[in-house]
Structure formats: C-alpha cells, structure tokens
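>>> Pasting the sequence and the predicted model now:
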Amino acid sequence: MDEARYTADRSPDAVHFCAEDETGRVVCVATVLREAPQWRADVTKGWRIRGMATASDWRGRGAGSAVLRAVFAHVGTSGGGLLWCNARLGAVNFYERAGMATTGEPWEEPVIGPHIVMFTNILEAGS
Ligand SMILES: CC(C)(COP(=O)(O)OP(=O)(O)OC[C@H]1O[C@@H](n2cnc3c(N)ncnc32)[C@H](O)[C@@H]1OP(=O)(O)O)[C@@H](O)C(=O)NCCC(=O)NCCS
C-alpha cells in the first residue's frame, strides 16, 4: 500500500487507522488530519481523509467501512466538523454508503485518474 503514503502522514495531528487480519497483517489503512477544505472559502477548519485503501484481496469484505467508521468516530470525539476527501470516482459508492456526498465537478488527477470532492458534517460526539 505504498501508494497510500503522503508527506502529511507525519503531520503532528495526523491520525492513522488500520484494520488487521487474524495474522496481524495490515489489510486496510486511512489517515485523517486537520485541513480546511480548499473548495469552501468560508470554512476555515476541517478534517481531511487521505490514503484510504484496502488490500486488493480484502476489498468488498467490510474492512474499509469499519476503518471509515473509526475515522468518523475520531472526528466526532475531537469536536466534529466538516470531513472531506478527494475521492476516486470508483470509490464514490463506498463513501456515499457511509453518508458522504459529492460536491462540484470531477477532475482528472495525473496518473491515478478521475476524482471528485466528497464531504459530510460530523456532529461532536454527545452533542
Ligand atoms: C474504496 C476502498 C477503500 C473500499 O474498501 P473496502 O474494504 O473494499 O470497503 P468495504 O468492503 O467496506 O465496501 C466495499 C463494497 O463492498 C461491499 N461490502 C462490504 N462488506 C461486504 C460483505 N461482507 N459482503 C459483500 N459485500 C460487502 C460494500 O457494500 C461496498 O459496496 P460499494 O462499493 O458499492 O459501496 C477499496 O475498494 C480500495 O482500496 N480501492 C482502491 C483505492 C481507492 O480507491 N481508495 C479510495 C481513494 S479515494
């Protein structure tokens, strides 16, 4: 899952989530960090998901959904707010199933293909 490595991984507020199989092999990863959405000038705080990926032999078995739920829970217990990502078009259904929505128009990302912004508003846990 080297394609899921980013400079922002080392940001002090980046939190990394993973799912492991029964042998301890990491089969799914996602990172969330504080980053305002570039596409909403009026929102100065936000949370960005990066590096969401499941090993090919584990896709479609619920690992991604479980990791994404953990990301949502982390944002909720950290004050909530706007959570967003640049989603591959092939992953739009996956994020929509979790309650996220697309906004704006898709664009072509060099090498990795078409993407679109997706987002959801997470309430502060207990509010
Ligand atoms: C997108 C991605 C992270 C999803 O991870 P995943 O572990 O396959 O996610 P899940 O298994 O929770 O859900 C995937 C699909 O399997 C289905 N599914 C989940 N559990 C299932 C089960 N037990 N039985 C059958 N289907 C199941 C889900 O309904 C979902 O369908 P959908 O894509 O139509 O919403 C993964 O496909 C991936 O790594 N893709 C390549 C990289 C990528 O696109 N990353 C996202 C970048 S923005």
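Structure received. Numbers count the residues shown, from 1 in each chain.
>>> quick one, what contacts Val32?
14-15, 17, 47-50, 71, 74-75, 83 (C-beta atoms under 8 Å, 6 or more residues apart in numbering). For the C-beta atoms, the positions are set from N, CA and C on the backbone; glycine is no exception.
>>> could the residues you listed be laid out in CSV, adding pLDDT?
Output for the contacts of Val32, formatted as CSV (pLDDT from 0 to 100):
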residue, pLDDT
Ala14, 94
Val15, 96
Phe17, 97
Trp47, 97
Arg48, 97
Ile49, 97
Arg50, 95
Val71, 98
His74, 97
Val75, 97
Leu83, 98
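>>> Which stretches in the chain count as strands?
15-20, 26-34, 47-54, 81-88, 101-109, 113-122 (DSSP state E).
>>> Now do the lengthiest helix in the chain and strand 15-20, the angle between them.
As assigned by DSSP state H, the longest helix anywhere in the chain is helix 63-77. Put simply, helix 63-77 runs at 150 degrees to strand 15-20, going by axes from the mean of the first three to the mean of the last three C-alpha atoms, to 10 degrees.
>>> and helix 63-77, what does it pack onto?
Using 3 or more C-beta pairs under 8 Å, 6 or more residues apart in numbering; DSSP states H and E, the elements in contact with helix 63-77 are strand 15-20, strand 26-34, strand 47-54, strand 81-88, helix 92-97, strand 113-122.
>>> Any chance of these in TSV with distance to the ligand as columns?
Listed next are these as TSV, based on distance: least, C-beta to the nearest ligand atom, whole Å:
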stretch	distance to the ligand
strand 15-20	8
strand 26-34	5
strand 47-54	3
strand 81-88	4
helix 92-97	4
strand 113-122	7
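>>> who's in contact with stretch 47-55?
Applying C-beta under 8 Å, 6+ apart, the external contacts of stretch 47-55 come out as 1, 3-6, 8-9, 19, 25-35, 37, 63-64, 67-68, 71, 75, 81-85, 91, 122.
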